[in-house]
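In: I would like the atomic coordinates for the input below:
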Amino acid sequence: MADAVEGFFKKLAARGHEPVLHLVSGTFRFEIGRRRWLVRVHNGDVRVSREEAAVDCVLVCDESMFAAFLAGEKNAFTASMRGDLLCEGDVGLGMLFQRLFPGPDDKTDGGVPEQVPA
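Out: So this is what the prediction gives:
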């Protein structure tokens, strides 16, 4: 589980650009269990670090919940409504990050959904 979480952020950093976030700009802090990641997005260009900085949105959950997002087993919006995912600051921005998590019908390795055929 911890490896899946760590792997998600490593892969996100390695990709550098996420087309599904091409209209998104902002800073996120993910607090997953006892670990934190800072994610900066500017029109889809993504940088990931472990530094501390002011952010637009903070997303907090435990490792098992985040792993369920990555596996397409749970929906981040639904989890936030149930109190399983805490979103502070710019909630709209936080929910846009859900685009990186697969849905139940498009599970992938790494948490980024495959493109849907036209």
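In: what number of residues lie near Glu88?
Out: 14 (other Cβ atoms under 10 Å). No exception for glycine: its C-beta is placed from N, CA and C like everyone else's.
In: same deal with the one 4 residues further on?
Out: Other residues lying near Gly92 total 11 when counted by other Cβ under 10 Å.
In: Assign it to helix, strand or coil.
Out: Assigned with DSSP: H, G, I helix; E, B strand; the rest coil, Gly92 falls in the helix class.
In: what's the answer for Cys87, then?
Out: On the basis of three-state DSSP, Cys87 is classed as strand.
In: Tell me who's in contact with the nearest residue to it once chain neighbours are set aside.
Out: Distance criterion Cβ to Cβ, 6 or more residues apart in numbering; nearest residue to Cys87, sequence neighbours excluded, is Gly94 at 4.2 Å. For Gly94, the contact set (Cβ atoms under 8 Å, 6 or more residues apart in numbering) comprises Phe28, Cys57, Leu59, Ser80, Cys87.
In: all strands for this structure, in order.
Out: 25-32, 35-42, 45-49, 57-61, 86-89 (DSSP state E).
In: would you list those strands in JSON lines and tack on distance to Ala67 and mean pLDDT?
Out: Listed next are those as JSON lines, based on distance: least, Cβ to Cβ, whole Å; pLDDT from 0 to 100:
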{"stretch": "strand 25-32", "distance to Ala67": "9", "mean pLDDT": "95"}
{"stretch": "strand 35-42", "distance to Ala67": "13", "mean pLDDT": "96"}
{"stretch": "strand 45-49", "distance to Ala67": "18", "mean pLDDT": "95"}
{"stretch": "strand 57-61", "distance to Ala67": "10", "mean pLDDT": "96"}
{"stretch": "strand 86-89", "distance to Ala67": "17", "mean pLDDT": "94"}
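In: Single out the most deeply packed of these.
Out: Each of the strands of the chain was scored by mean neighbour count; the highest is strand 57-61, a mean of 21, by mean count of other Cβ atoms under 10 Å.
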